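1. Please find the sequence and the predicted model below.
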Amino acid sequence: MALAARGIDKAFAGVHALRGVDFEVRAGEVVALVGENGAGKSTLLQILSGSLAADAGQVRVDGEAVTFRGPADAMARGIARVAQEPQQCLQLSIAAAVFLGAELRRGWLLDDAAMVAASRTLLARLGLDVDPQQPVGSLATGQRQLLEIARALRAEAKVLILDEPTSSLTDVEAERLFAIVDDLRAAGTAIVYVSHRLGEVQRLADRVVGLRDGRNSGELARDQISHQSIVGLMVGREFAHATRQPRAPGEVLLSVRGLVTSAWPQARVDLQVRAGEVVGVAGLLGAGRSEILRALFGVDAPLAGTIEVAGQPLHGRGPAAAAAAGLALVPEDRQHQGLVLGHSVADNLSLPTLHRRGWRVAPQRERELAAHWCRELDVRAASPALRVGSLSGGNQQKVVLGKWLAAAPRVLLLDEPTRGVDVGARGEIYARLDALAAAGLAVLFVSSELEEVFALADRVLVVHQGRITGALPRDRFSEQTIMLLATGQSLDSDEVPA
Ligand SMILES: Nc1ncnc2c1ncn2[C@@H]1O[C@H](COP(=O)(O)OP(=O)(O)OP(=O)(O)O)[C@@H](O)[C@H]1O
Ligand SMILES: [Mg+2]
């Protein structure tokens, strides 16, 4: 057994995250670990990779009991982990980040040239074509995720632990990662894989291990793995699929003409979203999807263009002006842009509401608001007074969503709205967005998962190199068409209305 854990227990202040958990992975095996948001997956992975100490239980590497003093210690035993929310130093160069803690040297000196060259090769393998001398901060969320994976590949670990490695990747980049996972498995690497994208779990896993409320909930052998059986391990119950409510789009709520973002100065973006309409934005990593949303909300100043909300041109610049006009943006990078991690769940939920009023909401009102949105979005937190940074990744995502829904916007901009959210909660979020649209909200969302676009959107805009290369109504959605448009190829038919 490459890596095994027995009877693992772990409690944080007020939360018993793991109780008597057993887990093991063999060389040449991919084990998927599944469970709802807050089930304890990341906590277990942190223990397996030396980032957290268990309160009780034992970890064995190749049959030998070990006590890790830290991640470097685990790394020395051949265990590498790609964290769900990597803590990256944004000022560091990409090459330095890839080799952090394992710098190449020539004699006493750092061998920068060798590290740059090796980083370039590693990143190219993952399909990331960037200059390794650039700072990490210049990368988008999905690219940083690939950087973290490159870092783990560089370590040539015996056990590779991947905690939601694809949550910000589109299907194309994810497919590249799957090919690498296949190669590593064939070469005898033991792999632990966590994902809320159940299709990936089915594609990759030799075995699926379930966690529910911090306990083992069973496991599935290769021939038992299906969407149904995985969901069964996670939630232990079936849930109804929400049906889409019929919608009749009304007046144009968001109208954008000639928008130019600094990321793609040659491209002009024109788009409209009506009341009651849900529009999806698809495209590859780096296509400029997030940049469009960020420019609309004034996070990055657009170079040109006019933005109208309900027929009124946007006055002023920046997010405050956009919020005042009725826009809201749920950003992709919740840790840096979406949340104040050191503050409570309740504080975070009431932030935009408080912002709009210009004074502090009464504590009583804040408590009510927090209780309401925690219930609505099924935020699994022992108390709204907890630090939001202590919540599991998926639960943090629900707080970012709730924070902006509480502000009752007219136009909702969402960047990867369900990143890291489990299947059950995802269904609830879809139902909620559906209901908001039915009530007259305009929704524009970016998603890397076509499945999500198909589930939610009335219309999809495909972006390639900063331009909208196609707009497809719901009855013309197809994976193939979207892929063609996303890679800048033209369609033979008339499927590209302006
Ligand atoms: N540093 C911490 N301090 C306090 N509580 C924590 C901390 N880390 C995790 N928890 C709590 O432990 C529980 C398990 O969290 P964990 O992050 O392991 O869940 P997860 O299964 O990875 O969920 P997700 O799918 O949302 O990533 C949660 O209730 C979480 O709030
Ligand atoms: Mg997690």
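-> That came through fine. Ligands and ions are numbered 1, 2, ... in the order given.
2. ranges for the strands of the stretch 351-498 of the chain?
-> Along the stretch 351-498 of the chain, counting by DSSP state E, counting those that start in this stretch, strands occupy 411-415, 442-446, 459-464, 467-473.
3. just checking, what packs against the third one?
-> In this structure, strand 459-464 makes packing contacts with strand 278-283, strand 467-473, helix 479-486, judged by 3 or more C-beta pairs under 8 Å, 6 or more residues apart in numbering; DSSP states H and E. Just so you know, the C-beta spots here come from the backbone N, C-alpha and C atoms, and that holds for glycine as well.
4. Pipe the ones you listed into TSV and attach mean pLDDT and distance to ligand 1 per row.
-> Putting those into TSV (pLDDT from 0 to 100; distance: least, C-beta to the nearest ligand atom, whole Å) gives the following:
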stretch	mean pLDDT	distance to ligand 1
strand 278-283	95	24
strand 467-473	93	32
helix 479-486	88	26
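5. Enumerate the beta-bridge partners assigned to Val192.
-> Beta-bridge partners recorded for Val192 (DSSP bridges): Val31, Ile161.
6. residues from the stretch 251-400 of the chain in reach of ligand 2?
-> Gly393 (C-beta under 5 Å from the ion).
7. In the stretch 251-400 of the chain, where is pLDDT below threshold?
-> With pLDDT under 70 as the threshold, the stretch 251-400 of the chain has low-confidence stretches at 354-361.
8. Pull the number of nearby residues for whichever residue of it sits closest to ligand 2.
-> Using C-beta to the ion, the single residue of the stretch 251-400 of the chain nearest to ligand 2 is Gly393, 4.5 Å away. When counting by other C-beta atoms under 10 Å, one arrives at 23 neighbours for Gly393.
9. I figured it hits Pro86, correct?
-> No: Gly393 lies out of contact with Pro86 (C-beta atoms under 8 Å); the separation is 11.5 Å.
10. Any chance of a markdown table for the strands of the stretch 351-498 of the chain, columns distance to ligand 2?
-> Written out in a markdown table, the entries for those read as follows (distance: least, C-beta to the ion, whole Å):
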| stretch | distance to ligand 2 |
| --- | --- |
| strand 411-415 | 20 |
| strand 442-446 | 22 |
| strand 459-464 | 29 |
| strand 467-473 | 34 |
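11. show me what contacts the closest residue in space to Ile47 that isn't next to it in sequence?
-> The spatially closest residue to Ile47, leaving aside those adjacent along the chain, is Ala54, at 4.9 Å (C-beta to C-beta, 6 or more residues apart in numbering). Residues in contact with Ala54, defined by C-beta atoms under 8 Å, 6 or more residues apart in numbering, are Ala5, Ile8, Asp9, Lys10, Leu18, Ile47.
12. again, only this time at 10 Å
-> Going by C-beta atoms under 10 Å, 6 or more residues apart in numbering, Ala54 touches 5, 7-10, 18, 21, 43-44, 46-48, 67-68.
13. ditto for Val181
-> Val181 is in contact with Val30, Ile149, Leu160, Leu162, Pro165, Thr189, Ile191, Tyr193, Glu200, Arg203, Leu204, counting by C-beta under 10 Å, 6+ apart.
14. picking that back up, identify the contacts common to Gly393 and Pro86.
-> Asp163, Gln335.
15. Give me the buried stretch members for the helix or strand hosting Arg81, please.
-> Using DSSP states H and E, Arg81 maps to strand 79-82. Buried residues in strand 79-82, defined by neighbour count with 16 or more other C-beta atoms under 10 Å: Ile79, Ala80, Arg81, Val82.
16. so the second one touches Asp163, yeah?
-> No: shown here, Ala80 and Asp163 do not form a contact pair, counting by C-beta atoms under 10 Å, at 11.5 Å.
17. nearest spatial neighbour of His16, skipping sequence neighbours?
-> Excluding the flanking residues, the one nearest His16 by C-beta to C-beta, 6+ apart is Gly214, at 6.1 Å.
18. And for the one you found, the neighbour number?
-> Burial of Gly214 is recorded as 24 neighbouring residues (other C-beta under 10 Å).
19. thinking again about what came up before, and the gap between the residue of the stretch 251-400 of the chain closest to ligand 2 and Ala95?
-> According to C-beta to C-beta, to the nearest Å, Gly393 and Ala95 sit 27 Å apart.
20. how about the residues of the stretch 1-150 of the chain near ligand 1?
-> Contacts of the stretch 1-150 of the chain with ligand 1, taken as C-beta under 6 Å from any ligand atom, map to Phe12, Val15, Ala17, Gly35, Asn37, Gly38, Ala39, Gly40, Lys41, Ser42, Thr43, Gln84.
21. Quick one: buried ones out of those?
-> Here, 16+ other C-beta under 10 Å leaves Val15, Ala17, Gly35, Asn37, Gly38, Ala39, Gly40, Lys41, Ser42, Thr43, Gln84 buried among those.
22. Now for the residue nearest to His16: which residues touch it?
-> Contacts of Gly214 (C-beta under 10 Å, 6+ apart): 8-11, 15-21, 35, 38-41, 43-44.
23. is it true that Asp422 touches Leu211?
-> No: under the criterion of C-beta under 10 Å, Asp422 makes no contact with Leu211, lying 11.4 Å away.
24. Overlap in contacts, those two.
-> By C-beta under 10 Å, 6+ apart, the residues touching both Asp422 and Leu211 are Val34, Gly35, Glu36, Gly38, Ala39, Met234.
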